[in-house]
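> with the input below, show me the fold.
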Amino acid sequence: MAFNLQSFTEKLSAKLDEAHIQDMVTGFLADGSFEAEFASSDTVLVPEYDMSGLGDYSRTSGYPVGGIAMRKVPYTLQQERGRMFDIDKRDLKTNDIKDACKTLGTAMAKFQKTKVNPEVDAFNLSTIAGNAFGGNITTETFTKDSTDIAKRLIYDIDKAAERANGEDLFVFTNWGIHGFLAATDEFSKRIDVANFKKGTVDTVVKVLNDAAIVKTPGERMWTNYQFFNGVDTAQKPGGFAPTATAKPINWIILPKSAAACITVMESSQFRDPSNNPKGDFYSQGYRRIYGAFVKNSDRERIVVSHN
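Numbering: from 1, shown residues only. Prediction:
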């Protein structure tokens, strides 16, 4: 059977998208529970509701009249990022398009896991933290000798739980801070485990006071980042890094519906040497549009601690 390039490209994009959600720490917030719908390639519409509260029911006149107002608020995905990768046909075992696709597909999976996922998580978490209500942001520096770190986290979990309306709570915890926590008796004696959905997979997660603890690499837990354009001389390597004024985040606590992380992979572009103006290269493109959103009404439901 002849090799079908279009079918391969579609399957590769689908597999990369599935792996992307499962490998990101913020994949828990990317399952569509925000009720967002796409209005265009980079704009989503999010429904927001304004409803009357309960009134007194009358056995003579019946129900008091109330109202529901629903409007769809547009949010634009903030980031559009991409790269094109080349492999010389002489570097392949055979000058065969199937072999080239397999090699580049493997490279794209590694690129996504090591470069894309950390960047998307970093953007999502810094954006969510930046939207927290000021009164829910604390500045605290912890060390391995801190004796009250578990108590501070439990206090913040309870603060977030008060406004969670019974929803699942997620605690994105800096990996280094988690190490300090794990060394305390207060933390270890309260910890449990539970299953939470990430994409299509059930994931076992530690739970503290009914809140899922999501260990997050420290490079993804800063308040601000610079995202390099990959073109200018100083930014040619691409990627991201904390800004000079960024502060390391200890933890971010929020109910699942308080934020949405939306990520979409555009159809990847593939070129073989016969139609590649750059030379005797097989070329594979990777393009992703993503963003994170918090409704104004949900800002007070997010609790943040940073240094």
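
> what residues sit buried inside the top helix by length along the chain?
The longest helix of the chain (DSSP state H) is helix 5-23. Neighbour-count burial for helix 5-23 flags 8-9, 12-13, 16-17, 19-21, 23 (criterion: 16 or more other CB atoms under 10 Å). In short, each C-beta sits where N, CA and C put it, glycine included.

> and that helix, what's its mean pLDDT?
Helix 5-23 shows a mean pLDDT of 88.

> contact partners for residue 263?
Contact analysis of residue 263 by CB atoms under 8 Å, 6 or more residues apart in numbering lists 17, 20-21, 24, 30, 120, 288-291.

> how about residue 100?
Taking CB under 8 Å, 6+ apart, we find residue 100 in contact with 87, 89, 92, 272, 282.

> stretch 247-258: which residues count as buried?
So stretch 247-258, judged by 16+ other CB under 10 Å, has buried residues 248-258.

> I'd like to know which of the buried residues of helix 5-23 is nearest to residue 104.
residue 12 (8.7 Å; CB to CB).

> what residues are up against the closest one?
Shown in contact with residue 12 (CB under 8 Å, 6+ apart): 101, 105, 108, 268.

> just the element for the closest residue to residue 295 other than its chain neighbours, please.
In space, and not counting its chain neighbours, residue 295 is closest to residue 48: 6.3 Å by CB to CB, 6 or more residues apart in numbering. Assigned by DSSP states H and E, residue 48 belongs to strand 43-51.

> tell me the mean pLDDT for that strand?
Mean pLDDT, computed over strand 43-51, is 84.

> before we move on, what about stretch 156-166?
Looking at stretch 156-166 alone, the average pLDDT works out to 94.

> quick one: end-to-end length of that stretch, please.
When the termini of stretch 156-166 are compared using CA to CA, to the nearest Å, they are 16 Å apart.

> neighbouring contacts of that stretch?
136, 138, 169, 171, 208-211, 251, 253-255, 300-303, 305.

> again, but for stretch 18-25
By CB under 8 Å, 6+ apart, stretch 18-25 touches 27, 30-31, 109, 112-113, 116-117, 120-121, 124-125, 172, 198-201, 214-217, 220, 261, 263, 265.

> before we move on, what about stretch 145-152?
Outside stretch 145-152, the residues that touch it by CB under 8 Å, 6+ apart are 140, 142, 177, 180-181, 184, 186-187, 190, 305.

> what is the most widely separated pair among the residues you listed?
140 and 190 (19.5 Å).

> any chance of CSV for the contacts of residue 12, columns distance to residue 61, pLDDT and secondary structure?
Output for the contacts of residue 12, formatted as CSV (distance: CB to CB, whole Å; pLDDT from 0 to 100; DSSP: H, G, I helix; E, B strand; the rest coil):
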residue, distance to residue 61, pLDDT, secondary structure
101, 71, 85, helix
105, 68, 88, helix
108, 66, 92, helix
268, 63, 74, coil
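
> follow-up on the earlier one: buried only: go through the contacts of stretch 156-166 for me.
Among the contacts of stretch 156-166, those buried by neighbour count (16+ other CB under 10 Å) are 136, 169, 171, 208-209, 211, 251, 253-255, 301-303, 305.

> so can I have CSV of these showing pLDDT, secondary structure and distance to residue 78?
Output for the buried ones among the contacts of stretch 156-166, formatted as CSV (pLDDT from 0 to 100; DSSP: H, G, I helix; E, B strand; the rest coil; distance: CB to CB, whole Å):
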residue, pLDDT, secondary structure, distance to residue 78
136, 96, helix, 22
169, 95, strand, 25
171, 98, strand, 24
208, 94, strand, 31
209, 92, coil, 32
211, 96, strand, 27
251, 98, strand, 23
253, 98, strand, 23
254, 97, strand, 18
255, 95, strand, 22
301, 96, helix, 21
302, 97, coil, 18
303, 98, strand, 23
305, 98, strand, 24
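
> for residue 49, list each beta-bridge partner.
Bridge pairing for residue 49 (DSSP bridges) gives the partners residue 70.

> C-terminal to the helix or strand hosting residue 204, what's the next element?
Counting by DSSP H and E, the element that carries residue 204 is strand 201-208. Using DSSP H and E, the helix or strand that directly follows strand 201-208 along the chain is strand 211-216.

> off-centre distance for that following strand?
Offset of strand 211-216 from its chain centre (CA atoms, centre = their mean, to the nearest Å): 13 Å.

> between the two ends of stretch 231-241, how far is it?
16 Å.

> next one: that stretch to chain centre, how far?
That offset, for stretch 231-241, works out to 22 Å (CA atoms, centre = their mean).
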